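> What follows is a predicted structure for the sequence shown.
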Amino acid sequence: MKNIIAIDGPAASGKGTLSRNLAKELNFAHMDTGALYRAVAFEVLKQGKNPANEGDALYGCKALKGNLHNASPLSNPDLRTEEIGDAASKVASIQSVRDFLTDMQRDFANSPPFGFNGAILDGRDIGTIICPNAPLKLYITAKCEIRANRRMKELQSKGLSVTYEAVLEDMRARDARDSNRKVAPLKPAADCVIIDSSNLSEAKMLETALTYAKKAFG
Ligand code: C5P
């Protein structure tokens, strides 16, 4: 069985930080799959196209693929804005966009880069669709108000002026779009472990996840 950890959850649930910390601790390679959808959305908006239109979104997929030979598109800090997050959730509702990105994610999970002991992928449908056979599936969640507060602080630390109310409203809209869409909706896999990060520190999250990793991988 492959050493794969699937981590899903809504925006600002803490899944990204946990994934990075777990990856470091276990020497697993990490893929932030949200960055793929953000990068597609970025290409679409760059051309003044509509992220909710299938043809425009597929244009974004092709533009991203053309750029992936220089690994930088996924670490571009311009991907981390709320505007791109919102557009990402629009392209992510389109089945053909998801199909386009599926192989890339499965290849990474099954053949992580040389030197790593396994792979961690975090996103919305990793445990349900991309890697349904992963030996460990975590679903990280937290109260919407707490996630909005975290996101507000993150944006403010980057010098952006945002209000809590605006961030909360965006967060609710994105949660609703991700959870209610027809294709690959955000939901916990039947056999996942659910961790509520509302009142857990980063260190406690890591400790908890490591306990489950030990059980899954020995
Ligand atoms: O995780 P992040 O906020 O960067 O993801 C941006 C958007 O991409 C999400 O709101 C979601 O709509 C979409 N996404 C997805 N499936 C994934 C990862 C992200 O639909 N595996």
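Received it, and whenever you're ready, just let me know what you need.
> Which element, helix or strand, includes residue 120?
strand 119-123 (DSSP states H and E).
> just residue 108 next, same as before
Taking DSSP H and E as the criterion, residue 108 maps to helix 95-110.
> Keeping just the C-alphas, turn the strand holding residue 120 into CSV.
Taking C-alpha atoms only, strand 119-123 is exported to CSV below (Å, rounded to 0.1, in the frame of the first residue of the first chain):
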residue,chain,number,x,y,z
ALA,A,119,2.9,12.0,-0.2
ILE,A,120,0.5,14.3,1.5
LEU,A,121,-2.1,16.1,-0.6
ASP,A,122,-4.5,18.6,0.9
GLY,A,123,-7.7,20.0,-0.7
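> just checking, what packs against that strand?
Applying 3 or more C-beta pairs under 8 Å, 6 or more residues apart in numbering; DSSP states H and E, one finds that strand 119-123 contacts strand 4-8, helix 15-26, strand 29-32, helix 33-46, helix 95-110. For glycine as for every other residue, the C-beta is placed from the backbone atoms N, C-alpha and C.
> What residues does this protein have near the ligand?
11, 33-34, 37-38, 85, 88-89, 92, 123-126, 174, 178 (C-beta under 6 Å from any ligand atom).
> quick one on the thing from earlier: list the buried ones in the helix holding residue 108?
Neighbour counts using 16 or more other C-beta atoms under 10 Å place 97, 98, 100, 101, 104, 105, 108, 109 of helix 95-110 among the buried residues.
> Let's have the residues you listed in CSV, adding distance to residue 73 and pLDDT.
CSV is the format used below for those (distance: C-beta to C-beta, whole Å; pLDDT from 0 to 100):
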residue, distance to residue 73, pLDDT
97, 16, 97
98, 18, 97
100, 15, 96
101, 13, 96
104, 12, 92
105, 15, 96
108, 15, 95
109, 20, 97
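> Quick one: the helices and strands packed on strand 119-123 as TSV, columns for distance to residue 202 too.
Converted to TSV, these look like this (distance: least, C-beta to C-beta, whole Å):
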stretch	distance to residue 202
strand 4-8	14
helix 15-26	6
strand 29-32	16
helix 33-46	19
helix 95-110	24
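> out of the residues of the chain next to the ligand, which are buried?
11, 33-34, 37-38, 85, 88-89, 92, 123-126, 174, 178.
> Quick check: nearest residue in space to residue 104, chain neighbours excluded?
On the basis of C-beta to C-beta, 6 or more residues apart in numbering, the spatially nearest residue to residue 104 that is not a chain neighbour turns out to be residue 36, at 6.9 Å.
> Skipping adjacent residues, who's closest to residue 105 in space?
Distances taken as C-beta to C-beta, 6+ apart put residue 130 closest to residue 105, at 4.9 Å, once the chain neighbours are dropped.
> Now the one you found, what are its backbone angles?
phi -70, psi -50 (degrees, to the nearest 10).
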